[in-house]
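Q: Turn this into a structure:
(2 chains)
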Protein chains: 2
Amino acid sequence: MTDVAIGVDVGGTKALALIVARDGRVLGEVRAQTPHDHSDGAGAATAKVLTELIKELCDRQGVRSGDVPVGIGLPGMMRRDGRLAFAPNLQTASGADLGALLGQSLTSSIVFCENDANCAALAEHEWGAGRGIDDFVMVTLGTGIGGGVVADGKLVRGRSGFAGEIGHMVVVARGAACHCGGHGCWERYASGGGLHRLTREAAIAGRLPTLVTECGNAASVRAEDVTAAAARGLDEAVMLMKEVGWWLALGLANLAAILDCGHFVIGGGLSSASELVLPSAREYLVDLVEGYSARPAITVTSSMFGPRSGAMGAALVAFERHS
Amino acid sequence: MTDVAIGVDVGGTKALALIVARDGRVLGEVRAQTPHDHSDGAGAATAKVLTELIKELCDRQGVRSGDVPVGIGLPGMMRRDGRLAFAPNLQTASGADLGALLGQSLTSSIVFCENDANCAALAEHEWGAGRGIDDFVMVTLGTGIGGGVVADGKLVRGRSGFAGEIGHMVVVARGAACHCGGHGCWERYASGGGLHRLTREAAIAGRLPTLVTECGNAASVRAEDVTAAAARGLDEAVMLMKEVGWWLALGLANLAAILDCGHFVIGGGLSSASELVLPSAREYLVDLVEGYSARPAITVTSSMFGPRSGAMGAALVAFERHS
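A: Have a look, this model is predicted:
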């Protein structure tokens, strides 16, 4: 039994590393840019940056890096054996066994990898907004949408460990092209990337006249301009955020039909705009869930740990697999 | 421990009752039309017909009806307490506690209710096409689409027992109206009802010229005409069955993304046309599943027990809850 563990959340742009106590307290935090350098082979550049982050945290805490269990949350399809099988947002590490690479550089045998959204689900289930709830889905809204499914109190991992790829559930058959190679995936409509796309379309279609004037032309209106304008109450921006809320609710309704989860925890980068999106998502859910009135109420809340959920859950994975 | 159990599958049009041995052998079988009579209160007419079926099976087998555990598979959202909360295809029994009604008429305390597709999943998992497989989804293609999700070897029931309502996963946002009140549900495209709708649309759009000529006019072409014509190799009908296969694959791909199930068992009424649909569904799946090449192969097979899966699984529920 160890007192502390390190959890690292590796995103497409940034990596966040935390050193965490067994009760969930965060004792230290460091960040870095995620490298996208292929030259030394799959995952080598990522492993180098992560090694530095982990050593820095250990130095600060006064512990030897080889003695502390480390969990790594990665954006993509993680095999149960720890290999990253498919990672559209971290292509330079696709196919790599980051656990083994880090084990070498840290001279440690206690490095464990897991999907990032699964990590977030575990953290919220243990310490946060999913505590005590047996059936819920963690939804991370970032550039894409990640997911972690908890059913009957346990994380659903699936045959190979790939469960929870909820962002690639198709909600518009033959719809917008997705970087996964498919079309009409939920994340093309309800994520940060979805908001970006909807913003561009709305600007071109003349549905954001004030913002187009402010930004100079339709092509210059960014998703951030919409969230900022919605926050100050500009009608055209509020309408667009409601549209994102409708798309979010559509996917949540699908998950509720399939899994009968009574609760959703929303995290990830876009969740900073959650007060603009979640109220309308909750309203639309009533119409979109099959037999809503025959069910107990379905709740949708923000994650308790926001952008830290993934790294905290990675630390939890390290605690659990090491014990 | 009992030697035999009775399983009843109550569909929107027919009820099938089986008496089943613990090893899955079917010892006797009776059928009846499902009544749609409201006059005596919710579920009363259904309970009367089921009581007769059960008594007939018991008489034949020479056992007292009160001594044999009975499982009832029902088409709709079954609460964990056995009450049918929402049943668009069996509205006269919606809200009824059929277990209690049958308990009274059979003077038995061992009547158990479960969703019909969950029953089918349990039967296929125990004795059939899902045997030994920890992560699979049972898909019943009838008028609608029902589902039973098995994850890590266990049926996923969800918070209230409503999990597996996969037919009401939306795959076409703002698509075809569904009897559940929603729009664009998967079952409007890939079930028997979906084939019916696609047939009508294709006939009107001039894509079934031979069948329209044979049947007299576009409005007269039925789904059965398409399956019969496809079976004899008529190109325009084969194309339409492939389209149904594409829609089937689309929903399966969504389930694979969410659950990472490696196997699908297809049952229900439309599965009699499975040799016309499943080959194309398997082909389309390769393109539709996110990161297909990074996964082990996903298999799609017909149910082993066909239209009997539900009733056999209901008997299994009776065995398990009685023991």
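Q: Tell me how many other residues crowd residue A:81.
A: When neighbours are counted by other Cβ atoms under 10 Å in any protein chain shown, residue A:81 registers 11. Using the backbone N, CA and C atoms, a C-beta is placed for each residue, glycine as well.
Q: Surely it forms part of a helix?
A: No: looking at residue A:81 with DSSP: H, G, I helix; E, B strand; the rest coil, it is coil, so not inside a helix.
Q: Relative to chain B, how far out is it?
A: Distance of residue A:81 to chain B, given as Cβ to the nearest Cβ, to the nearest Å: 12 Å.
Q: what does residue A:88 give?
A: Taken as Cβ to the nearest Cβ, the span from residue A:88 to chain B is 8 Å.
Q: Now that residue: closest residue in space, sequence neighbours ignored.
A: In space, and not counting its chain neighbours, residue A:88 is closest to residue A:179: 5.1 Å by Cβ to Cβ, 6 or more residues apart in numbering or on different chains.
Q: How about the secondary structure of that neighbour?
A: Put simply, residue A:179 is coil when judged by three-state DSSP.
Q: tell me the pLDDT at it?
A: Looking at residue A:179, its pLDDT stands at 86.
Q: separation between it and residue A:297?
A: Residue A:179 sits at a distance of 35 Å from residue A:297 (criterion: Cβ to Cβ, to the nearest Å).
Q: What is the neighbour count of the residue nearest to residue A:88?
A: Around residue A:179 there are 14 residues (other Cβ under 10 Å).
Q: One more: the one 10 residues further on?
A: Residues near residue A:189, counting by other Cβ under 10 Å, number 25.
Q: For my notes, confirm it occurs in a strand.
A: No: assessed with three-state DSSP, residue A:189 is helix; it does not lie in a strand.
Q: how about the nearest residue to it, chain neighbours excluded?
A: Nearest non-adjacent residue to residue A:189, counting by Cβ to Cβ, 6+ apart: residue A:247, 4.0 Å away.
Q: Quick one: residues contacting the one you found.
A: Residue A:247 makes contacts with A:171, A:186, A:189-190, A:194, B:173, as judged by Cβ atoms under 8 Å, 6 or more residues apart in numbering or on different chains.
Q: For residue A:74, state which of these is nearest.
A: Checking the contacts of residue A:247 against residue A:74 with Cβ to Cβ, the nearest one is residue A:186 at 20.5 Å.
Q: Tell me where chain A has strands.
A: Secondary structure of chain A (DSSP state E): strands at A:4-10, A:14-21, A:26-33, A:70-74, A:77-78, A:84-86, A:111-115, A:136-141, A:145-151, A:154-155, A:263-267, A:299-302.
Q: between the second one and strand A:26-33, how big is the angle?
A: Computed with axes from the mean of the first three to the mean of the last three Cα atoms, to 10 degrees, the direction of strand A:14-21 lies at 170 degrees from that of strand A:26-33.
Q: Between the contacts of residue A:247, identify the one with the most neighbours.
A: residue A:186 (32 neighbours).
Q: Now that residue: closest residue in space that isn't a chain neighbour?
A: Nearest to residue A:186 is residue A:251, by Cβ to Cβ, 6+ apart, at 4.3 Å.
Q: Next, count neighbours for the closest residue to residue A:9 other than its chain neighbours.
A: Excluding its sequence neighbours, the residue lying closest to residue A:9 (Cβ to Cβ, 6+ apart) is residue A:310, at 3.5 Å. Residues contacting residue A:310 under the criterion other Cβ under 10 Å number 38.
Q: give me every residue that touches the most centrally placed residue in chain A.
A: Residue closest to the average C-alpha location in chain A (Cα atoms, centre = their mean): residue A:140, at 3.4 Å. The neighbourhood of residue A:140, defined by Cβ under 8 Å, 6+ apart, consists of A:116-117, A:120, A:146-147, A:266-268, A:271, A:309-310.
Q: hmm, 6 Å instead?
A: Counting by Cβ atoms under 6 Å, 6 or more residues apart in numbering or on different chains, residue A:140 touches A:117, A:120, A:146, A:267-268.
Q: doesn't residue A:133 make contact with residue A:124?
A: No: in this structure residue A:124 lies outside contact range of residue A:133 using Cβ atoms under 6 Å: 9.1 Å.
Q: Which one's more surrounded, the two?
A: Of the pair residue A:124 and residue A:133, residue A:124 is the one with more neighbours under other Cβ under 10 Å, namely 27 against 17.
Q: got the residues of the stretch 201-323 of chain A near chain B?
A: A:250, A:254, A:257-260, A:262, A:290-291, A:294 (Cβ under 6 Å from any Cβ of the partner chain).
Q: Check the spacing between whatever residue of the stretch 51-200 of chain A ends up closest to chain B and residue B:190 real quick.
A: Residue of the stretch 51-200 of chain A nearest chain B, by Cβ to the nearest Cβ: residue A:158 (2.3 Å). Using Cβ to Cβ, one gets 22 Å for the distance from residue A:158 to residue B:190.
Q: pLDDT wise, what is the most far-flung residue of chain A relative to its centre at?
A: Distance from the C-alpha centroid of chain A, by Cα atoms, centre = their mean, peaks at residue A:213 (33.7 Å). We have a pLDDT of 97 for residue A:213.
Q: can you tell me if the helix or strand bottoming out on mean pLDDT in chain A touches chain B.
A: None of the helices or strands of chain A scores lower by mean pLDDT, DSSP states H and E than strand A:84-86, at a mean of 88. Yes: Strand A:84-86 is in contact with chain B by Cβ under 6 Å from any Cβ, via A:85-86.
Q: same thing with stretch A:192-200?
A: No: judged by Cβ under 6 Å from any Cβ, stretch A:192-200 and chain B are separated, with a smallest distance of 12.2 Å.
Q: Not counting that stretch itself, show me its contacts.
A: Under Cβ under 6 Å, 6+ apart, the answer for stretch A:192-200 is A:142-143, A:188, A:221, A:223, A:226, A:244, A:269-270.
Q: can you check stretch A:127-137 too?
A: Counting by Cβ under 6 Å, 6+ apart, A:24, A:124, A:147, A:149-153, A:255, A:261-265, A:301, A:303-305, B:158-159 sit against stretch A:127-137.
Q: and if you look at stretch A:232-245?
A: Contacts to stretch A:232-245, defined as Cβ under 6 Å, 6+ apart, come from residues A:195, A:202, A:208, A:210, A:226, A:229-230, A:276-277, A:280-281.
Q: What parts of the stretch 51-200 of chain A come near chain B?
A: Counting by Cβ under 6 Å from any Cβ, the stretch 51-200 of chain A sits next to chain B at A:77, A:85-86, A:135, A:151, A:156, A:158-159, A:162-163, A:165-166, A:168-173, A:180.
Q: so where's chain A shaky on pLDDT?
A: A:1, A:271-272 (pLDDT under 70).
Q: Following the record's annotation, map out the domains of it.
A: Domain assignment for chain A by automatic domain parsing gives A:4-121+A:308-322, A:133-303.
Q: Kindly write the ChimeraX command that selects the buried subset of the contacts of stretch A:232-245.
A: Of these, the buried ones go into a single ChimeraX selection, burial set by 16 or more other Cβ atoms under 10 Å in any protein chain shown:
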select /A:195,202,208,226,229,230,276,277,280,281
